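**Q** Task: produce atomic coordinates for the following.
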Amino acid sequence: MLKEISELVNSGVNDLVSKVRQINDSNRTLEKEIEFLKKKIAKNAGNEMVDQAIDLGDVKLLVANVEGFNTKSLRDSVDQLKNKLGSSVIVLATVSDNKVSLVVGVSKNLTEKIKAGQLVNMIAEQVGGKGGGRPDMAMAGGTESSALPSALE
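**A** Coordinates of the predicted model:
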């Protein structure tokens, strides 16, 4: 088994521990870089999504299905979008491995009328899931990714 591992990592059997440490350190560095780039992509996507918001009088509504986002990126994007749009309701969704992730943000001035947790649950039920959160930010997941377009509609 050690011989097979040493072949996989291109190292001698005696140097396996240091080689595995080196690979592990490199992996951590790459994961940090990926997270940084995902944040940057989310920020840029957020800038582009501002133009997609629909004016509903004094409130802006943004509903978007975005690709390549993880839950943290969705949350970060919702926060950025709430700051840019002002009085707004934002629904962002993504699908990864056939699992749906949803994040709903409601600006503070609207939380008396619209609760993010109730809205995210209404959408999540349509995609075979459930969720919850605060009145201004809520998350949910679901398993029926094929139902996401109609749920967002």
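**Q** Tell me what the spatially closest residue to Ile54 that is not a sequence neighbour is bridged to.
**A** Leaving aside its chain neighbours, Ile54 sits nearest to Leu61 (4.7 Å; criterion: Cβ to Cβ, 6 or more residues apart in numbering). Where C-beta positions appear, they are placed from N, C-alpha and C, glycine not excepted. For Leu61, the beta-bridge partners under DSSP bridges are Ile54, Val89.
**Q** if I read this right, Leu61 contacts Ala53, doesn't it?
**A** Yes: look at Leu61 against Ala53 with Cβ atoms under 8 Å: they come within range, at 6.5 Å.
**Q** what's the overlap in contacts for those two?
**A** Common neighbours of Leu61 and Ala53, using Cβ atoms under 8 Å, 6 or more residues apart in numbering, are Ser88.
**Q** Looking at those two, which has the bigger crowd around it?
**A** Remark: of Leu61 and Ala53, Ala53 carries more neighbours, 19 against 14, as counted by other Cβ atoms under 10 Å.
**Q** Enumerate every residue touching that one.
**A** So Ala53 contacts 60-62, 85, 88 (Cβ under 8 Å, 6+ apart).
**Q** among those residues, which two are most distant?
**A** Greatest spatial distance among the contacts of Ala53 (Cβ to Cβ): Leu61 and Leu85, at 9.2 Å.
**Q** What segments of this protein are helices?
**A** For the chain, applying DSSP state H gives helices covering 2-8, 16-49, 71-85, 116-126, 148-152.
**Q** Make CSV from those and add distance to Val106, mean neighbour count and mean pLDDT to it.
**A** CSV is the format used below for these (distance: least, Cβ to Cβ, whole Å; neighbours: other Cβ atoms under 10 Å; pLDDT from 0 to 100):
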stretch, distance to Val106, mean neighbour count, mean pLDDT
helix 2-8, 50, 11, 91
helix 16-49, 16, 13, 85
helix 71-85, 8, 20, 88
helix 116-126, 5, 20, 96
helix 148-152, 16, 15, 95
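**Q** roughly how far is stretch 88-99 from the heart of the chain?
**A** 7 Å (Cα atoms, centre = their mean, to the nearest Å).
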